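In: what follows is a predicted structure for the sequence shown.
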Amino acid sequence: MCKKRKLFCEIHPICYQISLFKENRKKDLKDFLAGHRFAKQKSSEQLPCIWKGHTSLILKHLHGVDMELQRNKAVNLRLASNEINGTLILPGQTFSFWSLVGDTTAEKGYLEGLVLSSGKLKTGVGGGLCQLANMIHYLVLHTPLEVVELHHHSDAIFPDHKRTVPFGTGTSIVYKAVDYRFRNPTHYPVELALWQDEAMLYGEIRSTIELDRKYRLVEENSFFQKEGNDYYRNSEVYRMIIDKKTGSLSKELILKNHSKVLYDHSLIPKDQIQ
């Protein structure tokens, strides 16, 4: 059997940095040519109407994860949230996570946190910010805002214990080639409000008018399946859209999960294996 040839970025950490630099410059050029209007303006006071709010536990006791990395993540989340909190996305504008947060360097105060790279959990400065991107994406899915760049986590990293949102609705981010972006196609400004205390991360999307629709995410047909020596988590995630006046309901498939389980297979519930 022929040995798989390494990619340039896998040869050495310096090669990885070179590849990352190249991808970042390509991203800059593509954005310049596209003439994107990225949101930069901050609101002096909160807009009056809450379209969607959500909370997320910061210090999570994850199997095999050092809690010091979780405490570092709390610092990283606060630094990045402060850069985004109060941002106005005007009609026609695009929100870009990295255009607001910038590079997460130690010089800015970012600490070592947990990151996912090439299907493996590692540590890196600024790690843990996926939780913030996940929060924003979850909020956006409950509004008429339009996701324009999203990179799904392809693997099941941790067990579903105490999961409060449908599996797979998170997003990967890597400065700055792998971004999270959404566009405001409405006629109204929207605002992202983000803050935290010692335990929880809080987020809201606000605007100047109330929504005439409600949104709800549901996960269906969830099961695990063995393929060779590996297990995969499968499910479908739907978005339900309910008209507040008429009560009419529409249902759209937004995601089909087929994700390799990276955690200890003994933690998979036996009654969920098909």
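Out: Perfect, thanks for sending it.
In: flag the shaky bits of this structure, pLDDT-wise.
Out: 1-10, 12-13, 16, 62-64, 117-119 (pLDDT under 70).
In: flag every buried residue along stretch 121-137.
Out: 121, 125-137 (16 or more other Cβ atoms under 10 Å). No exception for glycine: its C-beta is placed from N, CA and C like everyone else's.
In: show me the contact partners of the helix or strand harbouring residue 239.
Out: In this assignment (DSSP states H and E), residue 239 forms part of strand 230-243. By Cβ atoms under 8 Å, 6 or more residues apart in numbering, the residues outside strand 230-243 that reach it are 141, 156, 166-169, 212-226, 248-261, 265, 268, 273.
In: could you rerun that using 7 Å?
Out: By Cβ atoms under 7 Å, 6 or more residues apart in numbering, the residues outside strand 230-243 that reach it are 141, 156, 166-169, 212-225, 249-261, 265, 268.
In: filter these down to the ones in helices?
Out: Counting by DSSP state H, none of the members of these fall within helices.
In: for PyMOL, what selects the buried ones among those residues?
Out: The buried residues among the contacts of strand 230-243 can be selected in PyMOL (16+ other Cβ under 10 Å) with this line:
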select buried, resi 141+156+166+167+168+169+215+217+219+224+255+257+259+261+268
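In: return the subset of the buried residues of stretch 121-137 lying in strands.
Out: Mapping the buried residues of stretch 121-137 onto strands (DSSP state E) picks out 121, 125.
In: can you name the next helix or strand after the longest helix seen in the chain?
Out: If you go by DSSP H, the chain has its longest helix at helix 13-34. Counting by DSSP H and E, the next helix or strand C-terminal to helix 13-34 is strand 49-57.
In: which secondary structure elements does that following strand contact?
Out: Judged by 3 or more Cβ pairs under 7 Å, 6 or more residues apart in numbering; DSSP states H and E, the packing partners of strand 49-57 are helix 130-140, strand 200-207.
In: so for residue 185, which of the ones you listed sits nearest?
Out: helix 130-140 (11.8 Å; Cβ to Cβ).
In: which stretch of helix or strand covers the nearest residue to residue 137 once chain neighbours are set aside?
Out: Leaving aside its sequence neighbours, residue 137 sits nearest to residue 171 (Cβ to Cβ, 6 or more residues apart in numbering; 5.0 Å). Using DSSP H and E, residue 171 maps to neither a helix nor a strand.
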